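Colleague: Test case, fold it:
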Amino acid sequence: MGVNNIKHIAIAGNIGSGKTTLTTLLAKHYKWVPHFEDVEHNPYLVDFYDDMLRWAFNLQIYFLNNRIKHLLSIRSGTDTVIQDRTIYEDACIFAPNLFDMGLMTTRDFENYSSFFQNLKTLFQPPDLLIYLNASVPTLVGQIDKRGREYEENIRLDYLKRLNGFYKKWIDGYTDGPLLVIDVDNCNFAEKEEDLAMVIEKIDAQIHGLF
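Modeller: All right, here's what the predicted structure looks like:
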C-alpha cells in the first residue's frame, strides 16, 4: 500500500486519549486533510442530555448518517483525509454502552445494530486504523489537563466501561490494517521523540514494512 493510494486514515480512542491532538500533528506532518467531529451543530445533543432514553436512538442515527456522508465524501474526493473518531465507535462502543446503561431500548438497539451491519457492506474501512489505547488514569489526566467544562463530570466508571467496549472491538477488528499506540507510554503531544516513533510506525504500515 503506497502513500499515493492512501485515502483515509482514521484515529480511534476513548475520551481523552489524544485523538484530536494526534490528528492535528499527523495532518501537519503528512499534509493530510484533518476531519474533526462537529458537535456544535448537532440538533439532538441538547434534547439527548435532557431525556437520554427518549433521544438516544435518534442521536445515534444522526451520528451514523453523518459518518456515512463523510466516508462517501472521502472516497469520492482527491484528498487524503485523517479522521478524528470513526463510524465503528458509534456502533461498537457508544450505542452498546447506552443499551447496557438502560438508555436505549432493546428494540431500538437491535434496529440500530442491524442497520449498521447493512451499512457496513456499502462503505470501505479506513486504509489504516490507528487506535490510541490508554488506561483510565491516563485518560483522566489528559481530560483534566485540557479543562473542558462539559467534561468535568465524566465518571471514572463511565471511562472504564467505554475502555471495555474499545478492547472488545479492537481485539476483534479484522476490517483492515490496524496500528495500536500505547498512550500510557507514548506522550506524542509533548515529546518529539514519541511523535517520531508514532510516525515511524505509520510509515512502516503505509509502506508495508511490517
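Colleague: nearest residue to residue 9 other than its sequence neighbours?
Modeller: Across the structure, with C-beta to C-beta, 6 or more residues apart in numbering as the measure, the residue nearest residue 9 apart from its sequence neighbours is residue 82 (4.4 Å). Quick note: C-beta positions are derived from backbone N, CA and C, even for glycine.
Colleague: if you skip the residues just before and after it, what's nearest to residue 163?
Modeller: If the residues on either side of it in the chain are set aside, residue 163 comes closest to residue 14, at 5.8 Å by C-beta to C-beta, 6+ apart.
Colleague: neighbours of that neighbour, just the number please.
Modeller: 27 (other C-beta atoms under 10 Å).
Colleague: Which residues are in contact with it?
Modeller: Neighbouring residues of residue 14 by C-beta atoms under 8 Å, 6 or more residues apart in numbering: 132, 134, 139, 159, 162-163, 166.
Colleague: In strands, which of the residues you listed appear?
Modeller: If you go by DSSP state E, those have residue 132 in strands.
Colleague: following whichever helix or strand residue 95 is part of, which helix or strand comes up?
Modeller: Counting by DSSP states H and E, the element that carries residue 95 is helix 95-100. Once helix 95-100 ends, the next helix or strand along the chain (criterion: DSSP H and E) is helix 106-120.
Colleague: Run the chain-centre distance for that following helix.
Modeller: On the basis of C-alpha atoms, centre = their mean, to the nearest Å, the separation between the geometric centre of helix 106-120 and that of its chain is 19 Å.
Colleague: try stretch 72-85
Modeller: Relative to its parent chain, stretch 72-85 has a centroid offset of 14 Å by C-alpha atoms, centre = their mean.
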